[in-house]
Every structure is written in C-alpha cells, then in structure tokens.
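In: just to be clear, the model below is a prediction. Sequence and coordinates:
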Amino acid sequence: MVWLAVSCAVVAAFFLAFGAQRQGVAVRSTTGGLNLGHRGILRLLANPRWVLGLLLMGVGMILNVYALATAPLTVVQPIGAIALVITTVVHAREIGIRLNRPTFLAIIACVGGSIGFVLLAIQVTEPHPTISAREELIIVMLLAIAVAVLGSVAVAMRHRPNAFFYIMGAGVLFGFVAVLVRTLAIGLIQSEGNIFANVSWLVVIAVVVAGLLGSYFVQNAYSHGPPDLVIAGLTVIDPMVGIAIGIAVLRELRPDVPAVVAMSMAGFAAVAIVGVIALSRHHPDAHHRRTETHNPKES
C-alpha cells in the first residue's frame, strides 16, 4: 500500500508541475510583475492557460490526497521535489533559456536528497497511526498562529512585494494543508460506513482557510518570480513543515529508529535544501533578473 501511495505521489508531482508552469506563465502575463488583486484574479479565470493549469493541479491534488491517506506524511511530502525538475525544464524551454551546469547540479541535489530521505523514511515510519482530537486541535492552533502572522505581514508588505515571502508563506500554509488532509483522510478510513463520524468540521474549515490563503500567496509568488523557483521553495518548505508536524505532533516515526538512519535522513534533507538554495542563486532566469535589477536599461 505504501508503494502505491508513493506511485500516486510521483504521478501527482507531474500534474502539479505542468499545472504550476501553465499558471505561472499566465499570472506573469496578466500582472506584469505586480501584486495580484481581485481584478487580476477575475482576469485569470478567463485565461485558458491558467484554467488548464488549475485543472492539471486539481488532478495532481486528488492523487496527492490519496497518497496522504495511505502513507505517512514523512514519506509522501518529499516526493514533491520531482515537480521541481519538471517545472525547471519546461519553463526553460518555454522562455528559451539554456540550463547551466550549476542548475543541473542543484536539481540533482534536490531530487537525490529527497529520494534518499523517502527511501529511508519508508523503513522507519508507522504506516497507520491514529490521530487524537487533542493532536488535531494542536495542529489547528498552530495553523491559526501561522495565518495571523503571515496575513499581518502580507498586509504590511502589500506595497513592497517580495517573492521569497510569498513562497515561504505558501510553503508553510500548504504544509499545514497536507497535515490536515491526512487527518481527515484517516478519519474517513476509520469511519466504518458513517463517513462523517470521525470528521472534524474545525479541521475542514482550517483546510479551506489555509488552502485559499496559500493559493493567494502562490499566485502572487508567480507574479514576482519564475514558476520553477516558486516550486523550488514549495518543495522544501512545504515538506519541512509537514514532516516536522508529522514527527513532533502525529508521532509518525517509530521510537526505535537507529541513530545512523536518523542522521542519514537529516543529511539527505540538508542536501535537498542546499540544492534549492543553489537553484535560486544559479538558475539562468534568476541571474538574468538580478542583472536587470542592478543594471536597468536606460531609456
């Protein structure tokens, strides 16, 4: 069952990657690098490329929900790094740039670190943990704090847009969404016929709020940076949040994890994080944007 969940997560990464790339191009063409307001969102709804991206991401999310329902967060979340490779290659072809050697090495580090982490995590996680009402409440309270902080900063920075802030905020929020979706999925699996018996409506509301705010952050991130860099940030921040909650709150790791395995997992995670940082610095598109910022063309 775990390997089926892993397969679904891999296929989901493909759908999410192509969907993100379609939406990223559509958002930048609509906003021109400015913040995305409510009128911009309405214009996006009439953009065929953005709608196609939304449909592709919808399919990817459905597959990812199944993966989260049948395998631990610690296993499923890092697989999203595959989307980074796909989005990077597709975006490079879209805008006609050649990927340089540091970019390839960064991609290898991201994917290699994530794969190594997942292969080890499969061996040391609990396949079907139970989730108590107390654990659900702790997660919702942590999310409420995150929403309050991120929402306040977003309002304060509305005239000084920053791509990294939107990427970080979206990663945190979608990390919580993944955790809460897993709690709902486990509740449904254990419902024994009564599908609403174990569903907490507080968790449902929390998923909707975090999902909507996270989506808003993602669309604004697309308007200020290339889609592959947005995906790069999400594929590290989102899993880090999900895995941290999965280990600290949901107790997904077995208590008898050997020290060498724990250290190896930490090492693979560090490699993936370094890969994303390197990608953000050495990607040709990012380098081109920095050059334009420091040497603007004279009119």
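Out: Looks like it came in fine. Residues are numbered from 1 along each chain as shown.
In: roughly how far apart are M157 and G211?
Out: 21 Å (Cβ to Cβ, to the nearest Å). Every C-beta, even on glycine, is put in place using the N, C-alpha and C of the backbone.
In: which of those two has more neighbours?
Out: A side-by-side neighbour count of M157 and G211, using other Cβ atoms under 10 Å, places G211 first with 17 against 13.
In: secondary structure element holding the more buried one?
Out: helix 201-224 (DSSP states H and E).
In: show me what that helix is packed against.
Out: On a contact count with 3 or more Cβ pairs under 8 Å, 6 or more residues apart in numbering; DSSP states H and E, helix 201-224 meets helix 2-31, helix 133-156, helix 163-189, helix 227-248.
In: deepest of these, which one?
Out: Mean neighbours per residue, mean count of other Cβ atoms under 10 Å, is largest over the helices and strands packed on helix 201-224 for helix 227-248, with a mean of 25.
In: what residues are up against V65?
Out: If a contact means Cβ atoms under 8 Å, 6 or more residues apart in numbering, then V65 has 181, 185 as its contacts.
In: next, V85: secondary structure please.
Out: helix (DSSP: H, G, I helix; E, B strand; the rest coil).
In: from what I can see it touches G112, true?
Out: No. The pair V85 and G112 does not pass the contact test of Cβ atoms under 8 Å, sitting 10.8 Å apart.
In: more neighbours: these two, which one.
Out: V85 (19 against 15).
In: how close does the more buried one get to G171?
Out: 18 Å.
In: next one: M263
Out: Relative to G171, and taking Cβ to Cβ, M263 is found at 25 Å.
In: about what we covered before: the helix holding G211 to helix 227-248, inter-axis angle?
Out: 150 degrees (axes from the mean of the first three to the mean of the last three Cα atoms, to 10 degrees).
In: how about the most centrally placed residue in the chain, nearest residue that isn't a chain neighbour?
Out: When Cα atoms, centre = their mean is applied to the chain, the residue found nearest the centroid is L234 (3.8 Å). Leaving aside its sequence neighbours, L234 sits nearest to G171 (Cβ to Cβ, 6 or more residues apart in numbering; 5.0 Å).
In: tell me if I'm right that the one you found and A232 touch.
Out: No. Counting by Cβ under 8 Å, G171 stays clear of A232, with 10.2 Å between them.
In: what helix or strand is the closest residue to A109 other than its chain neighbours on?
Out: Closest residue to A109 apart from its sequence neighbours, by Cβ to Cβ, 6+ apart: G275 at 3.0 Å. Assignment of secondary structure by DSSP H and E places G275 within helix 259-282.
In: CA atoms only: put that helix into PDB for me.
Out: In PDB, the C-alpha atoms belonging to helix 259-282 read as follows (Å, rounded to 0.1, in the frame of the first residue of the first chain):
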ATOM      1  CA  ALA A 259      20.800   6.800  15.100                       C
ATOM      2  CA  VAL A 260      22.600   6.200  11.800                       C
ATOM      3  CA  VAL A 261      19.300   6.200  10.000                       C
ATOM      4  CA  ALA A 262      18.100   9.400  11.600                       C
ATOM      5  CA  MET A 263      21.400  11.100  10.800                       C
ATOM      6  CA  SER A 264      21.200   9.900   7.200                       C
ATOM      7  CA  MET A 265      17.700  11.300   6.900                       C
ATOM      8  CA  ALA A 266      18.900  14.600   8.200                       C
ATOM      9  CA  GLY A 267      21.800  14.500   5.800                       C
ATOM     10  CA  PHE A 268      19.600  13.800   2.800                       C
ATOM     11  CA  ALA A 269      17.200  16.600   3.900                       C
ATOM     12  CA  ALA A 270      20.200  19.000   4.100                       C
ATOM     13  CA  VAL A 271      21.300  18.100   0.600                       C
ATOM     14  CA  ALA A 272      17.900  18.800  -0.800                       C
ATOM     15  CA  ILE A 273      17.700  22.200   1.000                       C
ATOM     16  CA  VAL A 274      21.200  23.200  -0.300                       C
ATOM     17  CA  GLY A 275      20.000  22.200  -3.800                       C
ATOM     18  CA  VAL A 276      17.000  24.500  -3.700                       C
ATOM     19  CA  ILE A 277      19.200  27.400  -2.400                       C
ATOM     20  CA  ALA A 278      21.700  26.800  -5.100                       C
ATOM     21  CA  LEU A 279      18.900  26.700  -7.700                       C
ATOM     22  CA  SER A 280      17.600  30.000  -6.600                       C
ATOM     23  CA  ARG A 281      21.000  31.600  -6.900                       C
ATOM     24  CA  HIS A 282      22.300  30.000 -10.100                       C
END
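In: what comes up buried for it?
Out: Across helix 259-282, burial judged by 16 or more other Cβ atoms under 10 Å covers 265, 268-269, 271-273, 275-280, 282.
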